[in-house]
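> pasted the sequence and its predicted model underneath.
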Amino acid sequence: MTTPIVQVRHLTKRFGDFLAVNDISFDIQPGEILGLLGPNGAGKTTTIQMMLGLITPTGGTIRMFGLDLATHREAIMQQVNFSSTYISMPYSLTVEENLRVVARLYGMRLVDQRLDEVVKQLEMEEMRHKLTRKLSSGQMTRLTLAKAILTEPKVLFLDEPTASLDPDIAHKIRALLQDVRRSTGLSMLYTSHNMREMEEMSDRIIFLQRGRIVAEGTAAEITARFGDRDLEEVFLRLAREQAR
Ligand SMILES: Nc1ncnc2c1ncn2[C@@H]1O[C@H](COP(=O)(O)OP(=O)(O)OP(=O)(O)O)[C@@H](O)[C@H]1O
């Protein structure tokens, strides 16, 4: 057995009387893509925000690389990055300037070489010198992804990484993430509302409903367990139950 790169135990978040995340435990192995699925309000973003140390858990522990996030956040975050549609970057800077700020924050060396590489991988040549305020939503998604892979993290949190992308570039980005995972052993926690994408990308999936894990396994295992045809049917069933 390999040692998990991420270990989450009994993680809980309460907002007042409301339990947004309710005693969840899971591991992520080196090189594994773990899908985090659940209807709106199930607790996915709250979980990711706790794993990035942006909000403090009410209970439970998060360990990465064998270290406790509560006491080693800075060391852990050097090896972690994330992409989310909610990220905002200074609009008055160009794409390249924004990426250089990220590189500086992470204390990266050999920035020029790495920048060229990422711009090429994400086909961002045309937008490289554009002001961030002038980007389309698909270009903005690519910028947040570039920011996420630029620092060559060991763990990547991807919250809807292909939102607003056209099918062609979304396909290329999924292939790129798989390539990076194969060549570097990168681990990912991945969310998407696109069930086919979740089936394609995730080695394993955890399904959240009202803050609790209600199913865990490969897409095929989860589908079989509920006796449904595909992940989409499982999702609809659990989303409708949560809404009741
Ligand atoms: N700061 C907060 N104060 C009070 N309630 C909150 C706060 N942040 C989140 N919540 C609530 O916690 C629940 C979980 O929200 P969360 O954003 O984690 O869900 P999600 O699974 O990411 O949903 P979505 O798919 O819509 O992004 C929601 O009911 C939300 O209203």
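Yes, it's here.
> enumerate the residues of this structure near the ligand.
Taking C-beta under 6 Å from any ligand atom as the criterion, the neighbours of the ligand within the chain are F15, F18, A20, G38, N40, G41, A42, G43, K44, T45, T46. Where C-beta positions appear, they are placed from N, C-alpha and C, glycine not excepted.
> from the residues you listed, which land in strands?
Under the assignment DSSP state E, the residues of the chain next to the ligand contribute F15, F18, A20 to strands.
> identify the bridge partners of the second one.
Beta bridges link F18 to F15, judged by DSSP bridges.
> quick check: closest non-adjacent residue to E200.
R174 (6.7 Å; C-beta to C-beta, 6 or more residues apart in numbering).
> neighbours of the closest residue in space to E152 that isn't next to it in sequence, how many?
Excluding its sequence neighbours, the residue lying closest to E152 (C-beta to C-beta, 6+ apart) is T184, at 7.0 Å. Neighbours of T184 under the rule other C-beta atoms under 10 Å: 13.
> tell me the SS of the residue nearest the centre of the chain?
Centroid check for the chain by C-alpha atoms, centre = their mean gives L158 as the closest residue, at 1.9 Å. For L158, the assignment made with DSSP: H, G, I helix; E, B strand; the rest coil gives strand.
> that one against K147, yeah?
No: counting by C-beta atoms under 8 Å, L158 stays clear of K147, with 11.7 Å between them.
> list residues touching both of these two?
Shared contacts of L158 and K147, defined by C-beta atoms under 8 Å, 6 or more residues apart in numbering, comprise S83.
> and the closest residue to M108 other than its chain neighbours, how far from the ligand?
Distances taken as C-beta to C-beta, 6+ apart put T151 closest to M108, at 6.3 Å, once the chain neighbours are dropped. T151 sits 24 Å away from the ligand, going by C-beta to the nearest ligand atom, to the nearest Å.
> equivalent analysis for V6, please.
For V6, the distance to the ligand - C-beta to the nearest ligand atom - is 18 Å.
> circling back: mind checking the SS state of the residue nearest to E200?
State at R174, reduced to three classes by three-state DSSP: helix.
> now do the contacts for it.
Going by C-beta under 8 Å, 6+ apart, the list of residues near R174 reads T162, E197, E200, M201.
> what's the burial count for the third one?
Yep, that's E200 we're talking about. When neighbours are counted by other C-beta under 10 Å, E200 comes out with 15.
> and for the second one?
The tally of other residues near E197 (other C-beta under 10 Å) stands at 19.
> show me what contacts it?
When contacts are counted by C-beta under 8 Å, 6+ apart, E197 touches T162, A170, R174.
> again, 10 Å this time
E197 makes contacts with G35, E160, P161, T162, A170, H171, R174, Y190, L231, as judged by C-beta atoms under 10 Å, 6 or more residues apart in numbering.
> please apply the same query to the first one.
Under the criterion of C-beta under 10 Å, 6+ apart, the contact list for T162 reads 138, 141, 145, 169-174, 177, 190, 192, 194, 197, 201.
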